[in-house]
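>>> using only what follows, build the 3D model:
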Amino acid sequence: MRQRVLFALLSIAVAALAAAIEMPPAPPLPPPSGNVVSVDTVDELQDAVAALTSGTTILIAVGVALETMKQIDSQLMMRNYEGFLK
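Residues are numbered from 1 along each chain as shown. Presented below is the predicted three-dimensional model:
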């Protein structure tokens, strides 16, 4: 319970700080170099992570990231955690 309250307070403080400070946009990322693996499904992501080597970049499609987060959240909910997708 205490962790939830601290997390909520920290979230509010960060949001207030972000609203108060106008930040310049982040510079664009450089193009990936070395071995680049593009994934379009969760299964492809799992395979890419299993075969990951040093210097490899995994480009994750937006739908894959959202589906992965949903799967993690459902696993957390099954174990009586509150989850992080709200």
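
>>> so residue 37: helix, strand or coil?
At residue 37, secondary structure determined by DSSP: H, G, I helix; E, B strand; the rest coil is strand.

>>> shouldn't it be in contact with residue 57?
Yes. With contact defined as CB atoms under 8 Å, residue 37 counts as touching residue 57 (7.1 Å). (C-beta placed from N, C-alpha, C; glycine too.)

>>> more crowded one of these two?
Ranked by neighbour count (other CB atoms under 10 Å), residue 37 and residue 57 place residue 37 first, with 17 against 14.

>>> mind listing what the more buried one touches?
Neighbour list for residue 37: 48, 56-59 [criterion: CB atoms under 8 Å, 6 or more residues apart in numbering].

>>> what bridges to it?
Applying DSSP bridges to residue 37 gives these bridge partners: residue 58.

>>> can you tell me how far it sits from residue 25?
28 Å (CB to CB, to the nearest Å).

>>> go on, residue 41?
Here residue 41 is placed at a distance of 31 Å from residue 25 (CB to CB).

>>> residue boundaries of the helices in this structure?
Using DSSP state H, the helices of the chain run over 2-20, 42-50, 62-78.

>>> list the buried residues of the shortest one.
Meaning helix 42-50. 42, 44-45, 48 (16 or more other CB atoms under 10 Å).

>>> also the last one?
Neighbour counts over helix 62-78 (16+ other CB under 10 Å) mark 64, 73 as buried.

>>> chain center to that helix, what's the gap?
Centroid displacement of helix 62-78 relative to its chain, using CA atoms, centre = their mean, to the nearest Å, is 10 Å.

>>> packing partners for that helix?
Using 3 or more CB pairs under 8 Å, 6 or more residues apart in numbering; DSSP states H and E, the elements in contact with helix 62-78 are helix 42-50.

>>> packing partners of the helix it packs on?
Counting contacts by 3+ CB pairs under 8 Å, 6+ apart, helix 42-50 is packed against strand 36-39, strand 57-60, helix 62-78.
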